[in-house]
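K.L.:
give me coordinates for this.
(chains A, B, C and D)
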Protein chains: 2
Amino acid sequence: MEKSTRYGQIQEDLKKKIQQGSYEVGDLLPSENELCAAYHVTRTTARKALQELQNEGYITRQHGKGSIVSERRNTLGLLTVRGFSETVGHEVRNVMISKPSIHDWSRDFSFSPSEKEVVSKCIHFSRLRCVGTTPVMLEESWLAADCVPSFMEQEFVDGSFFKTLSKRYMIEITGSEQEIRAVRADENVGILLHVAAKSPVLYIAVRYTTSLPGYYVYSKLYCNTDKYPIGNVYSSPK
Amino acid sequence: MEKSTRYGQIQEDLKKKIQQGSYEVGDLLPSENELCAAYHVTRTTARKALQELQNEGYITRQHGKGSIVSERRNTLGLLTVRGFSETVGHEVRNVMISKPSIHDWSRDFSFSPSEKEVVSKCIHFSRLRCVGTTPVMLEESWLAADCVPSFMEQEFVDGSFFKTLSKRYMIEITGSEQEIRAVRADENVGILLHVAAKSPVLYIAVRYTTSLPGYYVYSKLYCNTDKYPIGNVYSSPK
DNA sequence: TAGTGGTCTAGACCACTGG
DNA sequence: CAGTGGTCTAGACCACTAG
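P.N.:
Numbering: from 1, shown residues only, chains lettered A, B, ... in the order given. Okay, here's the model as predicted:
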């Protein structure tokens, strides 16, 4: 199963070492320059290998630090969900279901808030995303209150939450992790999404990473996939 | 919303033109060299812009041809499902439920077979993927029979379908498109996945593109996400 | 401050596509 | 065949991280 490209060989080498346990979760892989020396390639090639490993979810990379071996969650396969706003070709409307309000972190969630976050209260809000007049997605979001002062006193910038984080608080979304399940709609979700209670809906738990270390945004998405499935067009060089 | 990088600006420029209809579905975007000249950048930079557009699903790229504007399906968001075999940290077993056999293309499917394919019969088989003793995924696959002679007379190479395509027929999987839904398990699926009939399961329709133009592999996946959700760890530079 | 990853230049050779 | 995207070299400057 030798890859025919140099970067492919480096990629497979590193992957094997991760799988065999030569690198533990949290460890740093060799830096780009070290890989250049070890494999006698230029940075472009070493870099490409690391980027592919990142795309496959084996590592995350951090500017100024290095390539960090990722935790492998209890999940099947790998996939990527991008922002709802990246969807094109649809008329999307957002309806605020419950305005931002302060709560405690009472969480039955796939991801645990970090130590930094639990000392703060959290802000919660939920929105309904509609294509035309059809509700397609209910999104609940949580974030720690301490990094976003007077969040609740102001409207969102252009109605966009992410744009608000960026423009008003200089917080950028840098990535995400998610878990997807098929679940039964509870009564509330069913009413909002216009489906019968207990019918199947797609559930996505997301943790967005931000430009602030240790600061995350959490979301739960419930999707009615009858009319609009979650989908993509993607092709990856193998 | 100006991007601070050159490739980001080019990327946004092209995206806007696609969204505004300056390029129709199927059109070719400017080639890498043309972008180099137009924006006074090197190929590395022009290339990066096109690669990001590809990752976002706006275009597909074809060696020797160019960057082709993608059809925007009736889907929400964008996501990527990678091969089941890329999952790590699990003991995966595959059980052949129905061995490869010849059929007509009778299709109630998200993707239509291409003209090349309908003139041929198709091969169908289905497999159950288990983690330990827990069935987690039922996979049905279809492919045109004419490109894989004596497919049914031989066992899979290492038990792997993709490896068989690669080693025996020199056909490589180059990418995929998919649609995800939450549906009710029918009786058969329920029995195989050890869930009650009509309980929610994740349904994924996949079309794999191959190194043979116009030749695809189609799959339907049914996943029991109770114990093992579909998930990932991903971070994209924004 | 030294080392890291992020971006970018200016070339090169190759395999693939289409006319 | 000319043009395309895929890979790769050998440099450069920058912003970020951590000691």
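
K.L.:
contacting residues for the residue nearest to residue A:197 when sequence neighbours are not counted?
P.N.:
Distance criterion Cβ to Cβ, 6 or more residues apart in numbering or on different chains; nearest residue to residue A:197, sequence neighbours excluded, is residue A:190 at 4.2 Å. Placement of C-beta: from N, CA and C, glycine included. Residue A:190 makes contacts with A:196-199, as judged by Cβ atoms under 8 Å, 6 or more residues apart in numbering or on different chains.

K.L.:
where does residue A:190 land in three-state SS?
P.N.:
Using DSSP: H, G, I helix; E, B strand; the rest coil, the structure places residue A:190 in helix.

K.L.:
can you say which of the contacts of residue A:190 are buried?
P.N.:
With burial judged by 16 or more other Cβ atoms under 10 Å in any protein chain shown, the buried subset of the contacts of residue A:190 is A:198-199.

K.L.:
closest to DNA strand C out of the contacts of residue A:190?
P.N.:
Nearest to DNA strand C out of these is residue A:199 (Cβ to the nearest atom of the strand; 41.9 Å).

K.L.:
excluding its backbone neighbours, what's nearest the closest one?
P.N.:
residue A:185 (5.6 Å).

K.L.:
got the contact list for the longest helix along chain A?
P.N.:
What stands out as the longest helix in chain A, according to DSSP state H, is helix A:6-20. Residues outside helix A:6-20 that contact it (Cβ under 8 Å, 6+ apart) are A:1-3, A:23, A:29, A:35, A:39, A:41, A:45-46, A:48-50, A:52-53, A:56, A:58-59, A:69, B:88.

K.L.:
just to revisit the earlier point, burial of the residue nearest to residue A:199, as a residue count?
P.N.:
By other Cβ atoms under 10 Å in any protein chain shown, 23 other residues sit near residue A:185.

K.L.:
contacts only, for it.
P.N.:
Applying Cβ under 8 Å, 6+ apart, we find residue A:185 in contact with A:193, A:195-201, A:222.

K.L.:
ok, back up a step: out of the contacts of helix A:6-20, list just those in strands.
P.N.:
If you go by DSSP state E, these have A:59, A:69 in strands.

K.L.:
just the buried ones from the contacts of helix A:6-20?
P.N.:
Looks like these have A:23, A:29, A:35, A:39, A:41, A:45-46, A:48-50, A:52-53, A:56, A:58-59, A:69 buried, using 16+ other Cβ under 10 Å.

K.L.:
restrict these to those near DNA strand D?
P.N.:
Filtering the buried ones among the contacts of helix A:6-20 for neighbours of DNA strand D using Cβ under 7 Å from any atom of the strand leaves A:41, A:45, A:48.

K.L.:
which residue ranges make up the domains of chain A?
P.N.:
A:8-69, A:84-223 (automatic domain parsing).

K.L.:
which of the ones you listed sits closest to DNA strand C?
P.N.:
Within those, the stretch nearest DNA strand C is domain A:8-69; the backing value is 3.2 Å (Cβ to the nearest atom of the strand).

K.L.:
the closest one - what's its average pLDDT?
P.N.:
For domain A:8-69, mean pLDDT is 89.

K.L.:
ok, now stretch A:151-160?
P.N.:
84.

K.L.:
hmm, who's touching that stretch?
P.N.:
With Cβ under 8 Å, 6+ apart as the test, stretch A:151-160 has contacts from A:85, A:94, A:99-102, A:123, A:145, A:163-164, A:167-168.

K.L.:
what about 7 Å?
P.N.:
Outside of stretch A:151-160, the residues within contact range by Cβ atoms under 7 Å, 6 or more residues apart in numbering or on different chains are A:85, A:94, A:100-101, A:123, A:163-164, A:167-168.

K.L.:
what is the burial count for residue A:147?
P.N.:
Neighbours around residue A:147, by other Cβ under 10 Å: 18.

K.L.:
just give the closest residue to it, not the sequence neighbours.
P.N.:
Once flanking residues are discounted, residue A:147 sits nearest to residue A:215: 5.7 Å by Cβ to Cβ, 6+ apart.

K.L.:
does DNA strand C sit close to the longest helix of chain A?
P.N.:
No. Contact of helix A:6-20 with DNA strand C (Cβ under 7 Å from any atom of the strand) is absent, the minimum separation being 11.4 Å.

K.L.:
hmm, that helix in reach of DNA strand D?
P.N.:
Yes. Using Cβ under 7 Å from any atom of the strand, we find that helix A:6-20 touches DNA strand D at A:6-8.

K.L.:
so which bits of chain A are right by DNA strand C?
P.N.:
Counting by Cβ under 7 Å from any atom of the strand, chain A sits next to DNA strand C at A:29, A:31-34, A:43-44, A:47, A:50, A:61-67.

K.L.:
are any of the residues you listed buried, and which?
P.N.:
Those of the residues of chain A next to DNA strand C that meet the buried threshold are A:29, A:32, A:47, A:50, A:61, A:66-67, by 16+ other Cβ under 10 Å.

K.L.:
pick the one among the residues you listed closest to chain B.
P.N.:
Proximity of these to chain B (Cβ to the nearest Cβ) peaks at residue A:61, which lies at 7.8 Å.

K.L.:
check the gap between that closest one and residue B:26 for me.
P.N.:
Counting by Cβ to Cβ, to the nearest Å, the gap between residue A:61 and residue B:26 amounts to 35 Å.

K.L.:
and residue A:187, what does it touch?
P.N.:
Here residue A:187 is in contact with residue A:197 (Cβ under 7 Å, 6+ apart).

K.L.:
which SS state does the residue in chain A positioned nearest to DNA strand D fall under?
P.N.:
Using Cβ to the nearest atom of the strand, the closest approach of chain A to DNA strand D is made by residue A:64 at 2.3 Å. Under three-state DSSP, residue A:64 falls in the coil class.

K.L.:
please tell me how far it sits from residue A:19.
P.N.:
According to Cβ to Cβ, residue A:64 and residue A:19 sit 27 Å apart.

K.L.:
equivalent analysis for residue A:151, please.
P.N.:
Using Cβ to Cβ, one obtains 43 Å as the distance from residue A:151 to residue A:19.

K.L.:
and these two? which has more neighbours close in?
P.N.:
Using other Cβ under 10 Å as the criterion, residue A:151 and residue A:19 rank with residue A:151 on top: 18 against 13.
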